[in-house]
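Colleague: Mind looking at a prediction? Sequence and model below.
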Amino acid sequence: MSTTLKLNGKAVTLQADPSTPILWALRDELGMTGTKFGCGAALCGACTVHMNGAAIRSCVTPISAAKGADIRTIESQDADQVGKAVIDAWVKHDVAQCGYCQSGQVMSAVALLKANRKPTDADIDSAMAGNICRCGTYQRIRAAIKDAAVTLGMQGSAA
């Protein structure tokens, strides 16, 4: 069965069972390996992508739920003003150690900053709570999010 969705700004038709998780359609059918498999139960955040602007766990979201939706992955973030600010801050603060969870972390941070350009520590903690970093770089993640927020504040509003 086919499902058409908008992936990183382009229409894509997937030939897969509608119950296939978006994660596996991205990785196996489209070869987009930036989105990671972590737990398979929406508990770790490694598989986070955006669907219509909201951060979702692609390991448990079937492609049938994405029919006609706008899906954004880590591969698209360098071309997005907020995504670029987050990625630049990630590099500046040397956030990644092993790097496995980082695409999900970045996607959650981007969703947060698109909704709230001046997040408090509590806002950051809430938005990032579903993302696990086994290396424990949480302080650097928070610093990078705050830095990206400052950068975006200086640049004006973005979508």
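Modeller: Looks like it arrived, so ask away. Numbering: from 1, shown residues only.
Colleague: Average pLDDT for stretch 78-88, rounded please.
Modeller: The pLDDT scores in stretch 78-88 average 97.
Colleague: Helices of the protein, start to end?
Modeller: 22-24, 81-92, 102-115, 121-128, 138-155 (DSSP state H).
Colleague: Turn those into a markdown table, including distance to Glu75 and mean neighbour count.
Modeller: C-beta: built from backbone N, CA, C; applies to glycine. Converted to a markdown table, the helices of the chain look like this (distance: least, Cβ to Cβ, whole Å; neighbours: other Cβ atoms under 10 Å):
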| stretch | distance to Glu75 | mean neighbour count |
| --- | --- | --- |
| helix 22-24 | 14 | 24 |
| helix 81-92 | 10 | 20 |
| helix 102-115 | 9 | 25 |
| helix 121-128 | 21 | 15 |
| helix 138-155 | 19 | 18 |
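Colleague: give the contact list for the residue nearest in space to the middle of the chain.
Modeller: Centroid-nearest residue in the chain, with Cα atoms, centre = their mean: Met107, separated by 2.1 Å. Counting by Cβ atoms under 8 Å, 6 or more residues apart in numbering, Met107 touches Thr48, Val49, His50, Ala55, Arg72, Thr73, Ile74, Gln77.
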